[in-house]
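Asks: curious how this folds, go ahead:
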Amino acid sequence: MRDQEIFLNRRNTMPRISEEIILNCSREKAFNEISKADFMKEIDPAALNTEILFRNERLIHTISRGTPSGDVELEMVIIPENFTIVLMRRPPLTPFVYQLSIKTFSEHKDGTLLKHINEFELADNFKPGEEMVLSVIKQNDILNLQRTKDYFNNSK
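Replies: Predicted structure coming up:
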């Protein structure tokens, strides 16, 4: 029980970003488009250096080469039963201990409510810069969410 308490207390101190946007389309369309391996290439020119390493119906493993933090590997877990996508950063994780994003898609009177949660923990030697890292990640999340919103609301 003590280990579980430590885990729960520790987890509550992890930086977390939570944002929501409304997409002018059905939940199915938004989920299906965003869960495609190449969706980020549609909205973010920097994602053009992304290569698919593995893909099946529920898992997509990619590597983005030449990012500011080096090569970044991600695994996207697709859960169609509840319209959820979980994106996990893979090793090398520097400067993170872990980083994951969760996207959920809910029906909304105006289309689809996309909720995006980004959570991470920095390695101890990077903790002094946690506020700066949080700010950069939040800016990037907001930019990508705006691009996603523009993609669905201004086209198709």
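
Asks: residues contacting residue 83?
Replies: With contacts defined as C-beta atoms under 8 Å, 6 or more residues apart in numbering, residue 83 is in contact with 27, 31, 104, 105, 106. The C-beta positions use only the backbone N, C-alpha and C, and glycine is treated the same way.

Asks: repeat for residue 121
Replies: Contacts of residue 121 (C-beta under 8 Å, 6+ apart): 14, 15, 96, 97, 98, 99.

Asks: try residue 142
Replies: residue 19.

Asks: pLDDT value on it, please?
Replies: Per-residue confidence at residue 142 stands at 95 (pLDDT).

Asks: same check on residue 74?
Replies: We have a pLDDT of 92 for residue 74.

Asks: all strands of this protein, in order?
Replies: Ranges of strands in the chain, per DSSP state E, are 16-23, 50-55, 59-67, 70-79, 84-90, 96-108, 111-122.

Asks: residue 70 touches residue 93, doesn't it?
Replies: No. Assessed by C-beta atoms under 8 Å, residue 70 is found out of contact with residue 93, at 10.8 Å.

Asks: between those two, which has more neighbouring residues?
Replies: Remark: of residue 70 and residue 93, residue 93 carries more neighbours, 17 against 10, as counted by other C-beta atoms under 10 Å.

Asks: residue 143: neighbour count?
Replies: Applying other C-beta under 10 Å, we find 12 residues neighbouring residue 143.

Asks: longest helix in the chain, by residue count?
Replies: helix 130-153 (DSSP state H).

Asks: now do that one against strand 96-108, angle only.
Replies: Going by axes from the mean of the first three to the mean of the last three C-alpha atoms, to 10 degrees, helix 130-153 is angled at 30 degrees with respect to strand 96-108.

Asks: list the buried residues in helix 130-153.
Replies: Residues 133, 134, 137, 141, 144, 145, 148, 149, 151, 152 are the ones in helix 130-153 that count as buried (16 or more other C-beta atoms under 10 Å).

Asks: in those, find the pair that's most separated.
Replies: Largest separation among these by C-beta to C-beta: 133 and 152, giving 28.7 Å.

Asks: what's the nearest residue to the most centrally placed residue in the chain if we skip its chain neighbours?
Replies: Centroid-nearest residue in the chain, with C-alpha atoms, centre = their mean: residue 101, separated by 3.6 Å. Among residues not flanking residue 101 along the chain, residue 87 sits closest, at 4.3 Å (C-beta to C-beta, 6 or more residues apart in numbering).
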